[in-house]
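A.B. asks: fold the stuff below for me.
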Amino acid sequence: MSTKQSRPREVWIDVAKGIAIALVVLDHSRHLIDMVGLPVHPVWQWIGSTFASVRMPAFFMISGFFLYRWKTRGWRAFVKGKLSGFVYLYFVWATVYFVVDGLVVRHLEDRVLGLTRSGPVQHILRIDTPLWYLMALPLFSLIWWATRKWPAWIPVGIAFLGYIGTQAGWLHWPAVISTVGTIGFTHYLFAFLIGARANGFIRAWVPKAKAWHLLAFVTAWMLLVFTEPPVPGLRFFVAVPSLFLISAFVARSQRLSGPLLSIGKRSLPVYVTHWLLLEFQLGLTLRFLEEAPEWTGLVLTPLLWATSIVLAIAVWKLTRKRRWLWARPDPEPVSLHGSVLAPPRVNRPTGFGRIQ
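C.D. replies: Alright, predicted model coming up:
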């Protein structure tokens with residue numbers, strides 16, 4: 001009897017995740033160093049601004065790629081197999097942050113206290129936590145599920161209006177909601193729904209793209225980077241495709257894709273641990289280096305960036321047998337009725353004509 005082979009991993013997607021999470025850690029390294037008063041070279045400020053339109057939008061778009069598996073499933077199966085896992089992970093890691101910040105980080109150096117974002121409840125209300133991605137995913141997935149049978153232009157169009165409204169400053173959120181929440185729940189919902197609705201076209205086209213496609217998108221992106229005054233919200237439409245195309249070309253070389261592939265496959269552990277690791281490193285640094293010369297602004301950011309990624313992967317390797325840290329314990333791990341380990345078999349759509 002022949003056994004049907006599972007679909008192989010799409011290497012370019014893991015490479016894109018590796019680049020995106022590396023950019024997230026780099027920007028957080030720059031941001032936290034600046035928050036504690038250590039020098040940051042202007043080049044890292046420029047890089048942070050330039051890649052703001054690609055880091056998390058790419059993550060959310062990729063997260064939307066795999067929702068098609070749940071399109072035909074009922075409410076209970078969707079909640080159990082998809083939503084509950086994100087909610088579980090958020091509260092597990094919010095508790096880890098709360099405990100570690102309280103027992104360790106607050107005793108390292110006073111200036112590091114300003115970096116802690118560890119209240120599991122209050123930060124749900126304010127949407128101001130390093131774990132906000134785990135808060136946004138279940139909400140975005142729920143919006144997709146509720147509108148999955150609608151024509152694509154309706155939910156994507158509404159999300160687009162929210163995206164443009166926020167980018168242009170037309171929409172004003174209550175003061176209690178943080179900047180992360182304001183941007184995250186409008187800007188990134190749009191990216192997520194594009195990934196969910198156009199996953200077939202994107203995943204079919206990107207690996208087959210030509211070099212001139214890559215050149216055209218990257219050129220357009222750089223032109224927008226240097227356009228003054230900037231056009232609100234426009235970079236996203238060329239920045240994320242540029243990242244995907246770069247990832248596809250990198251994925252064609254095992255030597256180039258290897259490190260990024262390794263990081264991309266572990267993007268969740270890197271995401272949930274890197275902020276804590278940055279707090280630790282900065283707390284220890286400030287104990288021995290109260291004031292740093294200006295030239296260190298060029299090396300501190302990449303140094304903490306690299307060590308945080310390495311340490312995050314090391315933490316994952318040391319704790320991966322503690323499965324409850326990384327996934328919701330499932331009493332029925334091989335269920336045919338909605339288990340996350342056994343998603344329904346739904347053919348992935350391809351081409352413009354199959355945009356959902």
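A.B. asks: how distant is the helix or strand residue 161 falls within from the center of its chain?
C.D. replies: Element membership of residue 161 [criterion: DSSP states H and E] is helix 153-168. In terms of Cα atoms, centre = their mean, to the nearest Å, the centre of helix 153-168 is found 20 Å from the chain centre.
A.B. asks: what residues does that helix touch?
C.D. replies: 143-144, 147, 170-171, 182-183, 186-187, 189-190, 193-194, 197, 232-233 (Cβ atoms under 8 Å, 6 or more residues apart in numbering). Every residue, glycine included, has its C-beta placed from N, CA and C.
A.B. asks: and stretch 42-60, by the same measure?
C.D. replies: With Cβ under 8 Å, 6+ apart as the criterion, stretch 42-60 contacts 16-17, 19-21, 23-24, 26-27, 30-31, 133, 136, 140, 184, 187-189, 191-192, 195, 225, 235-236, 239-240, 242-244, 267, 297-298, 301-302.
A.B. asks: report the buried members of the residues you listed.
C.D. replies: 16-17, 19-21, 23-24, 26-27, 30-31, 133, 136, 140, 184, 187-189, 191-192, 195, 225, 235-236, 239-240, 242-244, 267, 297, 301 (16 or more other Cβ atoms under 10 Å).
A.B. asks: pull out the buried members of the contacts of helix 153-168.
C.D. replies: Judged by 16+ other Cβ under 10 Å, buried ones among the contacts of helix 153-168: 143-144, 147, 182-183, 186-187, 189-190, 193-194, 197, 233.
A.B. asks: of all pairs in those residues, which one spans the longest distance?
C.D. replies: 182 and 197 (23.7 Å; Cβ to Cβ).
A.B. asks: dump the helix holding residue 161 to CSV, restricted to CA.
C.D. replies: What follows is helix 153-168, C-alpha atoms only, in CSV (Å, rounded to 0.1, in the frame of the first residue of the first chain):
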residue,chain,number,x,y,z
TRP,A,153,-12.3,42.2,-1.6
ILE,A,154,-14.7,42.9,1.3
PRO,A,155,-12.5,42.0,4.4
VAL,A,156,-9.3,42.9,2.6
GLY,A,157,-10.8,46.2,1.5
ILE,A,158,-12.0,47.1,5.0
ALA,A,159,-8.5,46.2,6.4
PHE,A,160,-6.9,48.4,3.7
LEU,A,161,-9.0,51.4,4.8
GLY,A,162,-7.9,50.8,8.4
TYR,A,163,-4.3,50.5,7.3
ILE,A,164,-4.3,53.7,5.2
GLY,A,165,-6.3,55.5,7.9
THR,A,166,-3.7,54.7,10.5
GLN,A,167,-0.7,55.4,8.3
ALA,A,168,-2.1,58.8,7.2
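A.B. asks: give me the mean pLDDT for it.
C.D. replies: Across helix 153-168, pLDDT averages out at 90.
A.B. asks: what comes up buried for that helix?
C.D. replies: Buried-residue list, helix 153-168, by 16+ other Cβ under 10 Å: 155, 156, 158, 159, 160, 162, 163, 164, 166, 167.
A.B. asks: could you list the low-pLDDT ranges of the stretch 251-356 of the chain?
C.D. replies: Counting by pLDDT under 70, the stretch 251-356 of the chain shows low-confidence ranges at 290, 331-356.
A.B. asks: phi first, then psi, for the nearest residue to residue 34 once chain neighbours are set aside.
C.D. replies: Closest residue to residue 34 apart from its sequence neighbours, by Cβ to Cβ, 6 or more residues apart in numbering: residue 40 at 4.8 Å. When read as degrees, to the nearest 10, the backbone of residue 40 gives phi -130, psi 120.
A.B. asks: quick one: residues contacting residue 40.
C.D. replies: 30, 33, 34, 297, 300, 301.
A.B. asks: OK, contacts around the last one?
C.D. replies: Just to be clear, that refers to residue 301. Taking Cβ under 8 Å, 6+ apart, we find residue 301 in contact with 26, 29, 30, 33, 40, 41, 44.
A.B. asks: helices - which of the residues you listed land there?
C.D. replies: Judged by DSSP state H, the contacts of residue 301 include 26, 29, 30, 33, 44 as members of helices.
A.B. asks: ok, which stretches of this protein are strands?
C.D. replies: With DSSP state E as the definition, the chain shows no strands.
A.B. asks: any idea how far residue 79 is from the residue nearest the centre of it?
C.D. replies: For the chain, the residue nearest the mean C-alpha position is residue 59 (3.9 Å; Cα atoms, centre = their mean). Separation of residue 59 from residue 79 (Cβ to Cβ, to the nearest Å): 23 Å.
A.B. asks: on that earlier part again, which of the ones in helices among the contacts of residue 301 lies closest to residue 287?
C.D. replies: Using Cβ to Cβ, the ones in helices among the contacts of residue 301 come closest to residue 287 at residue 33, 15.2 Å.
A.B. asks: was I right to think that closest one contacts residue 300?
C.D. replies: Yes - counting by Cβ atoms under 8 Å, residue 33 sits close enough to residue 300 to count as a contact (5.5 Å).
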